[in-house]
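Q: here is a sequence together with a model predicted from it:
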Amino acid sequence: MHRILRPIAIALPLSAMSLAAAAAPDAMMVSDCWIRSMPGDVPSGGYFKLMNMSDKPVELTGVSTDAFGMSMLHETQTSGSTSKMIMVNKVTVPANGTLAFAPGGYHVMFEKARKPLAVGSTIPVTFAFNNGEKIQAQCAVKNAAGQ
Ligand SMILES: [Cu+2]
């Protein structure tokens, strides 16, 4: 006996299909976000962990918050006893991997605080990725010692 197996068509309600198409990719996660509050006009560093749960590299392309007039992606580069900060346009989070923004490495430089930062409060920060995802995370304001 010879039979040809045909694919079975599953009828999905149209509404369910369009919902699935509109859903965000949902590959990224932001955690442990904090901002080092500095006195006066000294820029404040922002630190956090990024997790990419997809099988493709994803780039962080920008960070924004109403609390500051300017938010830039920076990398601290150290050679010998000197270190400098350079501005970067994007930072790649490897597929199925994590990337930490931490003192001495990648950080967000927040400048032009719109009002004084209160240690112990949180600031909502939006993270934008090149896969179209936007994630808002609450970043804890800590003092200059990181506490
Ligand atoms: Cu910097």
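A: Arrived safely.
Q: indicate whether the lengthiest strand in the chain makes contact with the ion.
A: Using DSSP state E to define each element, the chain has its longest strand at strand 68-79. Yes. Interface with the ion: strand 68-79 contributes His74 (Cβ under 5 Å from the ion). Heads up, the C-betas are built off the backbone N, CA and C, glycines and all.
Q: give the partner strands of the helix or strand just after that strand in its sheet and their orientations.
A: Next helix or strand after strand 68-79 toward the C-terminus (DSSP states H and E): strand 82-87. For strand 82-87, the paired strands and their directions (DSSP bridges) are strand 68-79 (antiparallel).
Q: quick revisit: what comes into contact with the longest strand of the chain?
A: Residues from elsewhere that reach strand 68-79 (Cβ atoms under 8 Å, 6 or more residues apart in numbering): 44, 46, 60, 62-65, 83-91, 103-114, 125.
Q: can you report how many residues lie near Ala27?
A: By the criterion of other Cβ atoms under 10 Å, Ala27 has 19 neighbours.
Q: can you pull the contacts of it?
A: With Cβ under 8 Å, 6+ apart, Ala27 has these contacts: 52-54, 56, 58, 129, 131, 133.
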